[in-house]
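Participant: predicted structure and sequence below. I'll ask about it afterward.
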Amino acid sequence: MLCGVEYPFGHGAPHAVTIGADGAHIVFLRSAGPGDPDPALWLFDPDSGAEHLVAPGPIDAYAADRDARVAAFTRGGRLFRADLESGAVTAVPTAGAVHDARPDPTGRMIGYVTDPDGSAALRVAGPDGDRLLAGEPGNAWREHGGRIAWGVAGRGAAEFGRTRGWWWAPDGGQVLAVRTAGATSLHLLDLDDGWVDVHWDRETYPHLAQVRWAGGGPLITVLRRMQQHGLVLSVDPRTGETQVHAELADARWVEPIPGTPRHLPDGRVLVGGELAHDGFDARCLFADGSLLTPPGLYVRRVAGLLARAGGPPGAPDLVVEGSMGDPAVREVFRVRTTLGGGGPDVTRLTGPGGWHPVTAGGGMLVTGDEVWRDDRRIATLRSMAAPLRYRPEPVLERVTDRRLPAAVLYPAGHLGGALPVLVTLGEGPGHQQVRADPAAWQERQRLADAGFAVVSVDSRGTPGVAPSFEKAVHRRLADLALADQADALRALLGKHPDLDLGRVAVRGSGLGGWLAALAVLRRPDVFHCGVAREPVIDWTRLPRAVAERYLGDPADSAHVYRHHDLTEALAEEPSHGPLLVSGVTLGDVESVPELTLDDELTFLTANLPS
């Protein structure tokens, strides 16, 4: 499992966790704290409760073998091998700067990628030295005006949650690798230089959305270009031939569930899907067509497997991240994989939860800095992170007949009186803002303390509620998102009379910046000024997977794209309210290269109606 460098709540927090398959070792990254951003590699022994420094920072990224006995990590493009039992760390000679290094599941060899932004090649370093596994010179594809790359995810893959471009076989004898040359293909490489292509209809299903190889043969999910239909395929590792295990279909777009597909120990294939009939509207899990989760559980991610005490051997529970009833709350559930006569069997784990990512394996769970064995917390990893600066208390609501998740955050110590409103749009559609998570409200508390009632609304198009809620915006995102924001403000006024709707500002970044600018241009009756950080101007410039998911094929939906274009909106509303953009140019709108939070506050405060 490869782990990049991420900081959930600030430097010094444990993150990028790997659990060995036997539960004997837990590996993670942690820096020394806010003054030292360089993460070091650490090992935790669950039996003794001891932590051991494996390698000091800076660690760019690392990965461990199946049992977390060997780790490979990179530092400044150099490759190192760490024996996690003896503590020995050795430099590994390589053919160039190293990226995406991973030991094979047995810990014997280390694969890595060179030149990921150019003619990427896949190489293997082991006891017999370093050698090329797959790669082609950069001019081999000159007729297409680009380069051939091996082992990298490829453009647009991250939009489906796929950030990897190659995978070891469970026995370490083969590698499954992506080849990118205009289109994406997949290949099985033997370490003795033999290889076979993975066969599917790549013209009909060009998007390689998901890949997993952990027990059994590889499983992949491929999607049509418009993402309204997909196939879950098993791959024969000897021949590359594929077999359909499930079909995914939706009139708007298919939304695969992270952590699926995967083989269950009994050989069935776990697939994420949706129920949208007989009154159901849910994201669920299925095993060979049998429903494993109840419609009331919104499944966000499958984190792994956990043995059931007293249960039959070879039938562990699934560890699932999801929401049950309240989209602002993210919880962890055990889902039984063996079905009885009573239907799906789901148990809420009362300890681990929140918005920390969960890592599961070897009978263990790690969430944030807490280590759990089965359902019992056994240890807390040391955290050097500074405590959260603010203690925000947002008031969470469900408003309008659409039950939009919404929240109001007041300045600390607010005792009453009218306040200007600041609507925060975050990163925009696809990103949930209304969360029961103090860390998510730190910046917003600072904005509130500047004298605003900060309002956040998860309009339609946001995950966490139901598939229909998320996908209702297909081809009409602009109109529905703006209507939801405006309707929510009016509904909130009934419970929050201190909201001064005669003074409403809006802010966002990326797609949230696009929506903030659109709000000022199209709904000046509601939004009186705004700030847009690096807003999307033209949707045709976005990765195809994103643009077509929301707006459809530009070849037959040109009018939809024009309706979502900020330049078109500006032409329609030349006498717009005060708007500040950063990082882009939008007609005669005031633009700056970059903004601080104080710059935003100064602009918004000065341009709100008095």
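Facilitator: Structure's in. What do you need?
Participant: and residue 320, what are its bridge partners?
Facilitator: residue 302, residue 333 (DSSP bridges).
Participant: could you do residue 396 as well?
Facilitator: Listed beta-bridge partners, residue 396: residue 407 (assigned using DSSP bridges).
Participant: residues in contact with it?
Facilitator: Counting by C-beta atoms under 8 Å, 6 or more residues apart in numbering, residue 396 touches 328, 405, 406, 407, 434, 436. (C-beta placed from N, C-alpha, C; glycine too.)
Participant: widest-spaced pair of the residues you listed?
Facilitator: 406 and 436 (13.2 Å; C-beta to C-beta).
Participant: quick check, residue 548 in a strand?
Facilitator: No - the assignment for residue 548, made by DSSP: H, G, I helix; E, B strand; the rest coil, is helix rather than a strand.
Participant: quick thing: my sequence starts at 30, can you match it?
Facilitator: Yes, from this point I'll number from 30; that puts the last item at residue 577.
Participant: for it, which non-adjacent residue is closest in space?
Facilitator: residue 255 (5.9 Å; C-beta to C-beta, 6 or more residues apart in numbering).
Participant: the one you found against residue 582, yeah?
Facilitator: Yes - if you go by C-beta atoms under 8 Å, residue 255 and residue 582 touch, sitting 6.2 Å apart.
Participant: now residue 565: how far from residue 543?
Facilitator: 4 Å (C-beta to C-beta, to the nearest Å).
Participant: tally of neighbours for residue 613?
Facilitator: Applying other C-beta atoms under 10 Å, we find 17 other residues in the vicinity of residue 613.
Participant: so which residues of this protein form helices?
Facilitator: Counting by DSSP state H, the chain has helices at residues 471-478, 496-500, 506-524, 540-551, 573-580, 587-592, 595-601, 626-636.
Participant: need the ones you listed in TSV (columns: mean neighbour count and distance to residue 92).
Facilitator: Listed next are those as TSV, based on neighbours: other C-beta atoms under 10 Å; distance: least, C-beta to C-beta, whole Å:
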stretch	mean neighbour count	distance to residue 92
helix 471-478	19	31
helix 496-500	19	32
helix 506-524	19	37
helix 540-551	27	31
helix 573-580	20	26
helix 587-592	15	40
helix 595-601	16	41
helix 626-636	16	36
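Participant: which one of those lies nearest to residue 211?
Facilitator: Short answer: helix 573-580, nearest of the helices of the chain by C-beta to C-beta, at 12.8 Å.
Participant: one step back: between residue 435 and residue 465, point out the one with more neighbours.
Facilitator: Counted by other C-beta under 10 Å, residue 435 and residue 465 do not tie: residue 435 has more neighbours, with 28 against 17.
Participant: return the residues in contact with that one.
Facilitator: 425, 426, 427, 428, 463, 484, 485, 486, 487, 517, 520, 521.
Participant: how far away is it from residue 293?
Facilitator: On the measure of C-beta to C-beta, residue 435 and residue 293 end up 39 Å apart.
Participant: what's the answer for residue 530, then?
Facilitator: Counting by C-beta to C-beta - residue 530 and residue 293 are separated by 53 Å.
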